[in-house]
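Student: predicted structure and sequence below. I'll ask about it afterward.
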Number of protein chains: 2
Amino acid sequence: MNTRFAVAVHILTLLHSQQGEPATSEYIASSVNTNPSLIRRLLSKLAKAGLTRSQMGMGGGALLARSAESITLVDVYRAMDDSPDLLPLHPSPNPRCPVGRRIRDVLETRVAAAERAMTSELALVTIADLTDDISTLL
Amino acid sequence: MNTRFAVAVHILTLLHSQQGEPATSEYIASSVNTNPSLIRRLLSKLAKAGLTRSQMGMGGGALLARSAESITLVDVYRAMDDSPDLLPLHPSPNPRCPVGRRIRDVLETRVAAAERAMTSELALVTIADLTDDISTLL
DNA sequence: TCAGACTGTAACCGAGATGAATACACTATT
DNA sequence: AATAGTGTATTCATCTCGGTTACAGTCTGA
């Protein structure tokens, strides 16, 4: 995994703290410490996942499309998820070897269970939770 | 994560199926369908983690250093683990922004919990389990 | 209606990771 | 000594990633 997940969470938390005021990619980029184009790329993915929406034109910017209480970290994780495999399997073992022929299926089952365990944990945390965490840190 | 984890599991399962007979990197490579040098690189890591050992010279090869029942997928995962972060965080948010200043710590806690959930699941599965899975698949 | 403030998206770059391949010194067995 | 192995360094092509520039499209307000 790359840092897109972390940046996306950052974006959503920031949007939540804006309380309905649209945020420009320029403004978000200054908080994340990167450039606006990258932010817009991520916002495009978040919008496709139904987590944010954008107002075009002057005075526009990005907004949460749903309540911060309803957006969990799994939602963000899936929205950023290009390659579906957290632990990719080796592509082409030798089918003429008993182990090589079966290892893929066997391992896939076990790895899928582990990934489910992780996403279940991510599902417990919402963007609103993170905002609360930040407030209590003050 | 890359495919090293999957290949390492493949290697260990193969070694277990050898029942104490040393396996050459050439033989392992033919089952994994890659080249011997890559296998030896991975074996070197596995040996450093105490999971395998090698016999040099003619008739030599790799062996399990511990019982297959005692080697779990977390052991393999950690042995291959170069970069410690499954979900890396964004390196340098803007410290002058309230969200940017705190998001890292807040997110880190939650992500660590999720990663623990995954490794706990991996800890439940041993190399011996995988060998059993393969046998029952026949 | 036009200028300006925005978004959305494509394109390109440099850096780093990855797997494949080669090479070679070293070690044990026969 | 010859041979069959390991261990490790190096090189290479490819891919991914984040950073950046560029530009067309959209909205607002003077």
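Tutor: Right, received. Where do you want to start?

Student: state the pLDDT value of the residue in chain A that DNA strand C sits nearest to.
Tutor: Closest to DNA strand C within chain A is A:S54: 3.2 Å, counting by C-beta to the nearest atom of the strand. All C-beta spots, glycine's among them, are computed from the backbone N, C-alpha and C. Here, the pLDDT recorded for A:S54 equals 97.

Student: ok but it is inside a strand, no?
Tutor: Yes: judged by DSSP: H, G, I helix; E, B strand; the rest coil, A:S54 forms part of a strand.

Student: please name the nearest non-neighbouring residue to it.
Tutor: With sequence-adjacent residues excluded and distances taken as C-beta to C-beta, 6 or more residues apart in numbering or on different chains, A:S54 is closest to A:A62, at 5.1 Å.

Student: may I see the buried residues of the longest helix belonging to chain A?
Tutor: Ordering each helix of chain A by length in residues (DSSP state H) puts helix A:98-122 first. Neighbour-count burial for helix A:98-122, with 16 or more other C-beta atoms under 10 Å in any protein chain shown as criterion, is recorded at A:98-104, A:106-107, A:110-111, A:114-115, A:117-119, A:121-122.

Student: quick one: that helix to helix B:98-122, angle?
Tutor: 140 degrees (axes from the mean of the first three to the mean of the last three C-alpha atoms, to 10 degrees).

Student: does DNA strand C have contacts with helix A:98-122?
Tutor: No: applying C-beta under 7 Å from any atom of the strand, one finds helix A:98-122 separated from DNA strand C by no less than 13.7 Å.

Student: contact partners of that helix?
Tutor: A:72-74, A:77, A:86-87, A:89-90, A:93-95, B:6, B:9-10, B:13-14, B:17, B:31-33, B:73, B:86, B:110, B:113-122, B:125, B:129-130, B:133-134, B:137 (C-beta atoms under 8 Å, 6 or more residues apart in numbering or on different chains).

Student: out of these, which are buried?
Tutor: Using 16+ other C-beta under 10 Å, the buried members of the contacts of helix A:98-122 are A:72-74, A:77, A:86-87, A:89-90, A:93, B:6, B:9-10, B:13-14, B:17, B:31-33, B:73, B:86, B:110, B:114-115, B:117-119, B:121-122, B:125, B:129-130, B:133-134.

Student: please narrow these to those residing in helices.
Tutor: A:73-74, A:77, B:6, B:9-10, B:13-14, B:17, B:31-32, B:73, B:110, B:114-115, B:117-119, B:121-122, B:129-130, B:133-134.

Student: before we move on, back to that, what mean pLDDT does the host helix or strand of the residue nearest to A:S54 get?
Tutor: Using DSSP states H and E, A:A62 sits in strand A:61-64. Across strand A:61-64, pLDDT averages out at 97.

Student: what's in contact with it?
Tutor: A:11-12, A:15-16, A:18, A:20, A:22-25, A:27-28, A:43, A:51-55, A:71, A:127.

Student: and the residue located most distally from the centre of chain A, how far from A:T119?
Tutor: Within chain A, the residue lying farthest from the chain centre (C-alpha atoms, centre = their mean) is A:R96, at 40.0 Å. Look at A:R96 and A:T119: by C-beta to C-beta, to the nearest Å, they are 36 Å apart.

Student: again with A:I28
Tutor: Taken as C-beta to C-beta, the span from A:I28 to A:T119 is 26 Å.

Student: can you check A:T126 too?
Tutor: 14 Å.

Student: same check on A:F5?
Tutor: Taken as C-beta to C-beta, the span from A:F5 to A:T119 is 12 Å.

Student: overlap of the contact sets of the two?
Tutor: Contacts common to A:F5 and A:T119, judged by C-beta under 8 Å, 6+ apart, are A:Y77.

Student: residue in chain A nearest to DNA strand D?
Tutor: For chain A, C-beta to the nearest atom of the strand, closest residue to DNA strand D: A:G57, 2.4 Å.

Student: neighbours around that residue, how many?
Tutor: Per other C-beta atoms under 10 Å in any protein chain shown, the neighbour tally for A:G57 reads 6.
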